[in-house]
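1. 3D model of this:
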Amino acid sequence: MDNLFVARIHNNRLGSCVMVGTITDGVNLIREYVKDQFGRDLTAEENEILENDYEFYNDDDADNIISFSLGSLSTQ
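-> Next up is the predicted model:
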């Protein structure tokens, strides 16, 4: 069985990774991270990308590109 996690990536460097129980938990955690990091909710377009690709990507500041991604780690 695969283990799901949410990863924070800053300027192509892997930051913190947090285990989540389900895809829904991971998507909701990414929404919380965006709110904490940027002080806002996701736009409609960002929400669509998150729900389809399980990723949030922000490059508004070229020196500080932030993304959050839902991934899986196989135990085999």
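2. who does Arg13 bridge with?
-> Assessed by DSSP bridges, Arg13 has beta-bridge partners His10.
3. Which per-residue confidence value corresponds to it?
-> Arg13 carries a pLDDT value of 93.
4. since we're on it, how many residues are nearby?
-> Per other C-beta atoms under 10 Å, the neighbour tally for Arg13 reads 7. C-beta coordinates here come from the backbone N, C-alpha and C atoms, glycine included.
5. Tell me how far it lies from Gln76.
-> In this view, Arg13 and Gln76 are 27 Å apart by C-beta to C-beta, to the nearest Å.
6. again with Leu70
-> For Leu70, the distance to Gln76 - C-beta to C-beta - is 20 Å.
7. Which of the two has more residues huddled nearby?
-> Comparing Leu70 with Gln76 by other C-beta under 10 Å, the one with more neighbours is Leu70, at 20 against 4.
8. Specify the local secondary structure of the residue nearest the centre of the chain.
-> Residue closest to the mean C-alpha point of the chain, counted by C-alpha atoms, centre = their mean, is Phe68 at 2.4 Å. Counting by DSSP: H, G, I helix; E, B strand; the rest coil, the backbone at Phe68 sits in strand.
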